[in-house]
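K.L.:
I would like the atomic coordinates for the input below:
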Amino acid sequence: GTLYNQLTEEEKALAEAVESLVLSGTASQQLEQLFALSPIIDAFFENTMVMAEDQAVRQNRLAILSQLTKKAAKLARFNQINTK
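P.N.:
Here you go, the predicted model:
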């Protein structure tokens with residue numbers, strides 16, 4: 001639709017990467033999977049104004065970041081488990 005046409009290439013790339021991100025394996029493997037997204041995340045922030053004037057565009061960008069945060073938070077909680 002119209003919204004998709006307004007998305008930056010970096011935004012599309014990040015949305016697809018987050019969508020397909022399924023953290024699996026050991027904690028260190030999951031961290032590697034997350035860190036593999038670093039270049040995509042960096043490119044997104046360098047080339048995309050998250051707080052865009054257009055509310056639909058802004059909401060979409062915030063939703064992508066929220067989804068990424070939720071997936072990363074699961075890993076963070078896993079790493080907080082006390083193993084003593």
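K.L.:
can we go C-alpha only for contacts and neighbour counts from here?
P.N.:
Fine.
K.L.:
by mean pLDDT, which helix or strand of the chain comes out lowest?
P.N.:
When the helices and strands of the chain are scored by mean pLDDT, DSSP states H and E, helix 2-6 comes last with a mean of 71.
K.L.:
after that one, which helix or strand is next?
P.N.:
helix 9-20 (DSSP states H and E).
K.L.:
and that next one, what does it pack onto?
P.N.:
helix 38-47, helix 55-79 (3 or more Cα pairs under 8 Å, 6 or more residues apart in numbering; DSSP states H and E).
K.L.:
how about these, which one is nearest residue 22?
P.N.:
Nearest of the helices and strands packed on helix 9-20 to residue 22, taken as Cα to Cα: helix 55-79 at 8.1 Å.
K.L.:
from the chain's centroid, how far away is that closest one?
P.N.:
Here the centre of helix 55-79 is set off from its chain's centre by 6 Å, with Cα atoms, centre = their mean, to the nearest Å.
K.L.:
just stretch 11-31 next, same as before
P.N.:
8 Å.
K.L.:
distance between the ends of that stretch?
P.N.:
22 Å (Cα to Cα, to the nearest Å).
K.L.:
for it, what is the average pLDDT?
P.N.:
The average pLDDT within stretch 11-31 is 93.
K.L.:
do the same with stretch 53-68
P.N.:
95.
K.L.:
what's near enough to touch the residue minimising distance to the centre of the chain?
P.N.:
Ranked by distance to the mean C-alpha position of the chain (Cα atoms, centre = their mean), the top residue is residue 68 at 3.4 Å. Contacts here follow Cα atoms under 8 Å, 6 or more residues apart in numbering; on that basis residue 68 touches residue 18.
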